[in-house]
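**Q** A predicted structure for the sequence below; I have some questions about it.
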Amino acid sequence: HHRHHLPGRTVVLVDCRTVPEQAVSVIPTAISKPSFEAREEAFLAAARADPGFTVVPYCTVGARSGSYARKLVARGFPQAQVVSSSGGVKCEVKW
């Protein structure tokens with residue numbers, strides 16, 4: 001199960017880290033970037049249908065997830081529904 005339900009939101013956490021990094025630690029309900037991309041059309045349709053649907057890419061310090069967040073917006077995800085974690089997994093996600 002890759003979706004988290006917060007008041008008014010459905011959140012999908014996308015792990016942008018490498019496989020060796022994921023072997024060290026992982027957020028149990030997160031989905032890997034390759035798995036997300038394999039189902040990207042379904043996630044995009046969900047984002048377009050539900051303004052509370054939010055994609056949160058994350059990495060170790062935030063650089064890769066920030067870059068990936070920009071790519072998702074360029075691919076058609078609504079900008080307000082793509083939230084990059086500030087500081088990566090070492091910091092809390094800021095909404």
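**A** Cool, got the structure.

**Q** how about the strands in this protein?
**A** Secondary structure of the chain, counting by DSSP state E: strands at 3-6, 9-15, 31-32, 53-58.

**Q** distance of residue 44 from residue 37?
**A** 11 Å (C-beta to C-beta, to the nearest Å). Placement of C-beta: from N, CA and C, glycine included.

**Q** oh, I was asking about residue 72
**A** For residue 72, the distance to residue 37 - C-beta to C-beta - is 10 Å.

**Q** Out of these two, name the residue with the larger neighbour count.
**A** Shown here are residue 72 and residue 37; by other C-beta atoms under 10 Å, residue 72 has more neighbours (23 against 15).

**Q** Please tell me I have it right and that one contacts residue 84.
**A** No. Judged on C-beta atoms under 8 Å, residue 72 makes no contact with residue 84 at a distance of 9.4 Å.

**Q** Need the residues touching each of these two.
**A** Contact with both residue 72 and residue 84 is made by residues residue 57, according to C-beta atoms under 8 Å, 6 or more residues apart in numbering.
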